[in-house]
Structure formats: structure tokens, C-alpha cells
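> Following is a predicted model, sequence given first.
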Amino acid sequence: MVQDDGAPAWPKKWWVVRFVSEPFLTREEWRAYLNALPARYTRKELEALRPPVKCEICGGAPSPENPLQAAHRIPFAKGIQHLALTPRFLNSPDNLRWAHSRVCNQAFELKRLDLVVKHLQTEGIMRLPRFLPTEVLRARDSLVSGNGVARARTASGPRRDGAARRRG
Ligand SMILES: [Zn+2]
């Protein structure tokens, strides 16, 4: 876009979008989203992958009283606010299903922090950003077992050092 006097209205796009395969926001991005959540285009994104034909939770057909919604496994707002997950990760196909707005949508959602952290681990995401609140990091630590960290937890000595090194 060029103005009448020949000067460009805005510089050309000079930034690089960072979210492509990265599940977590940077601390600065996270802080910004705590002030205002990003817009979500969940339905549009899922529709682009497959049309809403039947409920992917119960297999039933939609009805006017119980239409299909694009449902998140890891809730969108909580995933950003408590776990600093990127909007792109939260709207990725693995995290979305068509679900009846009544019951099935709720049934699909992981409602507790520990369930979400466990789910992330099954996806191979073992580390959480260090800037997250202690409660969140603790939920993650309490799930780590069988690799020495859980054993260290039962000892009275400090375990934060070992856990912190492990998270790197
Ligand atoms: Zn259903």
C-alpha cells in the first residue's frame, strides 16, 4: 500500500512467526496473553480439516438442541494462562474434536491441571517453562516417577535442585 506522496503506509512484514512447532510461549508472549487472550478461530480451523458430521466423542448425530462444537481436550484459555501453551498448539488437530455442545464437549475436556500435565507427557512434552507458577511446576513434579525424582521427594532434603536441573 503506497500513499499519495509515494511513501509506504506501513513497513513490509518484517517479523517471523515463531509458533510453528513450539508448544510453549516465551515468558514475554505469555505475559502479554495474560492481559488479553488471543482470538480463537477453533471452529474455522477444525472445519478446514473435516466437516462437523457426527460427534467424535459419542458417535451420535447433531441436533438443533445439541449441535456440534469444536471441543478442546486441553482447554484453550487455561492452557494459555496456566501452562503458557501456544494458541497454535491448543488449536492443533490432536487437541480438537467435534463434540455435542451438551455433555460430550465437557466429557472430552481435561478438567484438572494434573490430567493436562499427564497428557502432555504422553505427547512427549516432559518439561514445562520455568517461569510458570510454582503450583503448576509442582503438579508436573508430582507426576514424575520412576526416574529418581519421585524417590528424592520422599527424602527430607531439598529436591528443587535436582528437579530444576532435570527440567533444564
Ligand atoms: Zn456426542
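Structure's in. What do you need?

> what does the protein put close to the ion?
By Cβ under 5 Å from the ion, the residues of the chain that approach the ion are 55, 57, 58, 60, 100, 104. For the C-beta atoms, the positions are set from N, CA and C on the backbone; glycine is no exception.

> just checking, which of those residues belong to helices?
Secondary structure defined by DSSP state H assigns residue 104 of the residues of the chain next to the ion to helices.

> Where does pLDDT dip in the chain?
Along the chain, the model assigns pLDDT under 70 to residues 1-3, 144-168.

> which residue ranges form the strands in it?
For the chain, the strands defined by DSSP state E cover 68-72, 96-100.

> what's the nearest residue to residue 58 if we skip its chain neighbours?
Excluding the flanking residues, the one nearest residue 58 by Cβ to Cβ, 6 or more residues apart in numbering is residue 104, at 5.4 Å.

> I figured the one you found was touching residue 71, is that so?
Yes. With contact defined as Cβ atoms under 8 Å, residue 104 counts as touching residue 71 (7.3 Å).

> Now restrict the residues of the chain next to the ion to buried residues only.
For those, a burial check counting by 16 or more other Cβ atoms under 10 Å picks out 55, 57, 100, 104.

> Would you mind measuring from the last one to residue 137?
The reference is to residue 104. The gap separating residue 104 from residue 137 is 32 Å, by Cβ to Cβ, to the nearest Å.

> among the strands of the chain, which is nearest residue 49?
Across the strands of the chain, residue 49 has its closest neighbour in strand 96-100 (8.0 Å, Cβ to Cβ).

> so what strands line up beside the closest one?
Note on strand 96-100: by DSSP bridges, its sheet partners are strand 68-72 (antiparallel).

> Quick one: residues in contact with the partner strand.
By Cβ atoms under 8 Å, 6 or more residues apart in numbering, the list of residues contacting strand 68-72 from outside reads 42-43, 45-47, 52, 54-55, 57, 62, 79, 90-91, 95-101, 104-105, 108-109.

> Contacts only, for residue 34.
Counted by Cβ under 8 Å, 6+ apart, residue 34 has contacts residue 81.

> follow-up on the earlier one: ok, which pair from the buried ones among the residues of the chain next to the ion is furthest apart?
Within those, two members stand farthest from each other by Cβ to Cβ: 57 and 100, at 7.1 Å.
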